[in-house]
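# show me how the following folds:
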Amino acid sequence: MSTLNTSTSALPSAAAPRSTVSFWQRALRHRSFVIGGLFTLLLLAAAGLSFVWTPWSPYDMDMANKLQGPTAQHWLGTDAYGRDVASLLLVGARASIIVGFIAVGIGLVGGTALGLLAAARRGWTEEIVMRLTDFSLAFPAILLAIMMTAVFGPGMVNAIIAIGINYIPIFARVTRAAANAVWAREYVAAARACGRGPWAITFKHVLPNVSTVLLVQATTYFAIAILAEAALSYLGLGTQPPQPSWGRMLSEAQTLMFQQPLLAVWPGVAIALAVLGLNLMGDGLRDLLDPRLARAR
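Take a look at the predicted model:
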């Protein structure tokens, strides 16, 4: 029993955790985390604000004032239908957050379950799970969305399902690799010697120790989900009219590059800042939650 206690203290989930104050002190000194956090908060604030207020209705068209540049009335101008671009960007942030959150949730839950199963059972179970993930990775999210669109029609729900299914094998492989490393530790061997079953060990020791890895991966793939949603909407497979979407704003602006080039700039900047912010925050979380990197700082 002493071996179990001594070995467990070597890992962050079993050791005495650093205080919350200490974590935030280190986080505020981490440049990538701070910059990424600010961009991410800006994205969340824009999506939250769109539920209660927008400068104009994003669904009202005013053909008499179409393709205007930035003015006092329309801060970022109007599109080809006279809709306010600032309002479209705010509501488009909502679609990006919804797609990213649900798609990552699908991939995280499904992939974590499969990865933990493969690491706990090993043998043929692990082989079958890994071969299934290899097969799934052969179908990119866009290809899967095209297949689903052909059967069920385009839409946000189908885009979410396509991206989420594409994420399941990715999270499964990450979880299985991290879990196998935990299963090789001495304190897990001591727990098995004490008569603990594979599922008790999985939920008590393995899952807490892989949670930080999964959190960092979820943050990173949230950014990729936003980019994937924009790409699918650009192709007409994602969010459908009249619901605003950054990707469809880019698609509509491509034919107006010489008449009103700013129509492509605003959604492009919004996508870039959202993806950059989440990636920087993910890198910062990786540095802050990794005990070896934390000690180095």
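# tell me how far residue 183 lies from residue 121.
Plainly put, residue 183 is 11 Å away from residue 121 if you go by CB to CB, to the nearest Å. From N, CA and C alone the C-beta is placed, and that goes for glycine too.
# apologies, that question was intended for residue 106.
For residue 106, the distance to residue 121 (CB to CB) stands at 23 Å.
# what's around residue 107, how many residues?
24 (other CB atoms under 10 Å).
# got the contact list for residue 131?
Residues touching residue 131, when contacts are defined by CB atoms under 8 Å, 6 or more residues apart in numbering, are absent altogether.
# pretty sure it is in a helix, no?
Yes. Inclusion of residue 131 in a helix is indicated when DSSP: H, G, I helix; E, B strand; the rest coil is applied.
# got the contact list for residue 77?
Residue 77 is in contact with 67, 68, 69, 70, 71, 85, 260, 262, 263, counting by CB under 8 Å, 6+ apart.
# now it, what are its backbone angles?
phi 90, psi -170 (degrees, to the nearest 10).
# next: the one 5 residues further on.
Backbone torsions of residue 82, given as degrees, to the nearest 10, read phi 80, psi 10.
# residue 78 now?
Backbone geometry at residue 78, expressed as degrees, to the nearest 10, gives phi -130, psi 160.
# what residues are up against it?
Contact partners of residue 78, counting by CB under 8 Å, 6+ apart, are 62, 65, 66, 67, 68, 84, 85.
# give me the nearest residue to it, chain neighbours excluded.
What sits nearest to residue 78 in space, not counting adjacent residues and going by CB to CB, 6 or more residues apart in numbering, is residue 68, at 4.6 Å.
# quick check: buried residues in stretch 56-71?
Neighbour-count burial for stretch 56-71 flags 56, 58, 66, 67, 68 (criterion: 16 or more other CB atoms under 10 Å).
# average pLDDT for that stretch?
Taken as a whole, stretch 56-71 has an average pLDDT of 93.
# contacts for it, please.
So stretch 56-71 is contacted by 74, 76-84, 86-88, 90-91, 242, 244, 256, 259-260, 262-263 (CB under 8 Å, 6+ apart).
# skipping adjacent residues, who's closest to residue 268 in space?
Beyond its immediate neighbours in the sequence, the residue positioned closest to residue 268 (CB to CB, 6+ apart) is residue 250, lying 6.4 Å away.
# can you give me the mean pLDDT across the helix or strand that contains the one you found?
With secondary structure defined by DSSP states H and E, residue 250 is part of helix 246-253. When pLDDT is averaged along helix 246-253, the result is 94.
# need the buried residues of stretch 56-71 in TSV with secondary structure and distance to residue 273, can you?
Listed next are the buried residues of stretch 56-71 as TSV, based on DSSP: H, G, I helix; E, B strand; the rest coil; distance: CB to CB, whole Å:
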residue	secondary structure	distance to residue 273
56	coil	22
58	coil	20
66	coil	26
67	coil	24
68	coil	24
